[in-house]
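1. Task: produce atomic coordinates for the following.
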Amino acid sequence: MANSSQRASMAWLPILLAVIATMSWAGNITLAKLVNEFIPPIGLAFWRWTVASLVLAPFVLRPMREQWPLFKAHFRLVLLLALFGVAGYNTLVYVALENTLSTNVVILQSSSPLMILLVQFLLFRQLSTLKQAFAICVSAIGVLLIITKGQLVSDFAIGNSELIALFAIFVWGTYSVLVQKLPDALKGLPILGYTVFIGNMMLLPFYLGESVWHETMPFTRESIGISLYTGVFASGIAYFCWNAAVQKMGAATTGQFMHLIPVFGLIFSMLLLGERLESYHWLGIAFIVCGLLIANISAKRKPVAPNNTA
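-> Numbering: from 1, shown residues only. This next block holds a predicted model:
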């Protein structure tokens, strides 16, 4: 009896780990919105990855050294991954959150699987079925409903912040496609270390420029707290929880938990920010979900790369 109870608890463990990871990534967006009035976006991104570098260093330095020859052989690809996955994606999200709802960003994030399909087509002309093309079109209607605040037909206008958020998701989609081009030995801890360290260095000149000409990152309890949360939980603990879940359940099964990010994001936005879903949000969600369902009907699932930079 004790053994069966222990096995049951162990079966729930990878599910719990995947939930912790997705909650951490959703919390990253909500808390960034909560503090964006007094913490500049590039400063937040820079200190997030500075903290993450310190947290991850004991775990990634040895694998990085072991794969140094492979890193040199794929140097340009690693630079692109650091630019898109670390320096670009989160910084753009933080910039977008200055003038748009956290709700908009987390809902738009749910279109990322379709964005990956679009990037695969644009870069490598990999769009194997008409079903995938139709799924992208259906999901695109939902995205347009959100970024135009429901004015898709009358008074058509797209908010700049919503466009930045959408571009951030495109950047993440590009990262997700390009990371598949890495040799297996570089994936996991080695590429995590290289991209975090290099991406943080890419942010440094922009952080210095923001500090001199725009706004200096304040060193307060709030700024230290958000930097620790995003660096330790959203970039460190969440990644290790996600990887452990992938090892136990497999990449395809674990990948389905990514859809919890918008769910948790909406809950956090309502509880912490007082945001509410409008009718155009619900309609946009419906189109995005329909697009995801169309793309996945009777489709063979492919492994999902760990989302280590949400």
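2. any weak-confidence spans in the protein?
-> Low-confidence segments of the chain, defined by pLDDT under 70: 1-11, 126-128, 132, 149-159, 250-256, 295-310.
3. Apply 50 and report the result again.
-> 1-2, 156, 299-305 (pLDDT under 50).
4. Go through the chain and flag its longest helix.
-> helix 2-35 (DSSP state H).
5. Run the chain-centre distance for the helix or strand following that helix.
-> Under the assignment DSSP states H and E, the closest C-terminal helix or strand after helix 2-35 is helix 41-66. Put simply, helix 41-66 sits 16 Å off its chain's centre (C-alpha atoms, centre = their mean, to the nearest Å).
6. List the buried residues of helix 41-66.
-> Of the residues in helix 41-66, 41-53, 55-56, 60, 63-64 count as buried by neighbour count, 16 or more other C-beta atoms under 10 Å. Using the backbone N, CA and C atoms, a C-beta is placed for each residue, glycine as well.
7. And stretch 105-125, by the same measure?
-> 105-121.
8. What of stretch 161-172?
-> Applying 16+ other C-beta under 10 Å to stretch 161-172 flags 161, 162, 164, 165, 166, 167, 168, 169, 170, 171, 172 as buried.
9. doesn't residue 95 make contact with the third one?
-> Yes: the criterion here is C-beta atoms under 8 Å, and residue 164 meets it with residue 95 at 5.7 Å.
10. how about the helices in the stretch 51-200 of the chain?
-> 68-73, 75-81, 89-96, 102-109, 112-124, 130-147, 160-178, 189-213 (DSSP state H, counting those that start in this stretch).
11. can those helices go into CSV with extra columns for distance to residue 24?
-> Formatted as CSV, the helices of the stretch 51-200 of the chain follow (distance: least, C-beta to C-beta, whole Å):
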stretch, distance to residue 24
helix 68-73, 28
helix 75-81, 21
helix 89-96, 13
helix 102-109, 13
helix 112-124, 17
helix 130-147, 24
helix 160-178, 16
helix 189-213, 15
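12. among those helices, which is nearest residue 32?
-> Nearest to residue 32 among the helices of the stretch 51-200 of the chain is helix 89-96 (5.3 Å), distances taken as C-beta to C-beta.
13. and the angle from that closest one to helix 2-35?
-> Helix 89-96 and helix 2-35 are oriented at 50 degrees to each other (axes from the mean of the first three to the mean of the last three C-alpha atoms, to 10 degrees).
14. Now do helix 89-96 and helix 41-66, the angle between them.
-> Using the same axes, to 10 degrees, helix 89-96 lies at 170 degrees relative to helix 41-66.
15. Nearest to residue 234 among the helices of the stretch 51-200 of the chain would be which one?
-> Of the helices of the stretch 51-200 of the chain, nearest to residue 234 by C-beta to C-beta is helix 89-96, at 9.0 Å.
16. nearest spatial neighbour of residue 95, skipping sequence neighbours?
-> residue 41 (4.6 Å; C-beta to C-beta, 6 or more residues apart in numbering).
17. so how many other residues sit close to residue 216?
-> As a burial measure, residue 216 scores 11 neighbours (other C-beta atoms under 10 Å).
18. An error on my part: the question was meant for residue 262.
-> Neighbour tally, residue 262, other C-beta under 10 Å: 24.
19. for it, what are its contacts?
-> 26, 106, 107, 109, 110 (C-beta atoms under 8 Å, 6 or more residues apart in numbering).
20. Among those residues, which one sits closest to residue 19?
-> Of these, the one sitting nearest to residue 19 (C-beta to C-beta) turns out to be residue 26, at 10.5 Å.
21. I'd say that closest one and residue 265 touch.
-> Yes: applying C-beta under 8 Å as the test, residue 26 and residue 265 come out as touching, 4.1 Å apart.
22. Identify the contacts common to these two.
-> Shared contacts of residue 26 and residue 265, defined by C-beta under 8 Å, 6+ apart, comprise residue 106.
23. Can you tell me what sits against stretch 43-51?
-> 32, 35, 86-87, 90-91, 94, 196, 199-200, 203-204, 206-207, 210-211, 215-217, 223, 226-228, 230-232, 234-235.
24. ok, the nearest residue to residue 232 once chain neighbours are set aside - contacts?
-> In this structure, residue 232 finds its nearest non-sequential neighbour in residue 55, 5.6 Å apart by C-beta to C-beta, 6+ apart. Neighbouring residues of residue 55 by C-beta under 8 Å, 6+ apart: 231, 232, 235, 236.
25. Need those in TSV (columns: neighbour count and distance to residue 183).
-> Output for the contacts of residue 55, formatted as TSV (neighbours: other C-beta atoms under 10 Å; distance: C-beta to C-beta, whole Å):
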residue	neighbour count	distance to residue 183
231	21	28
232	18	30
235	27	24
236	22	25
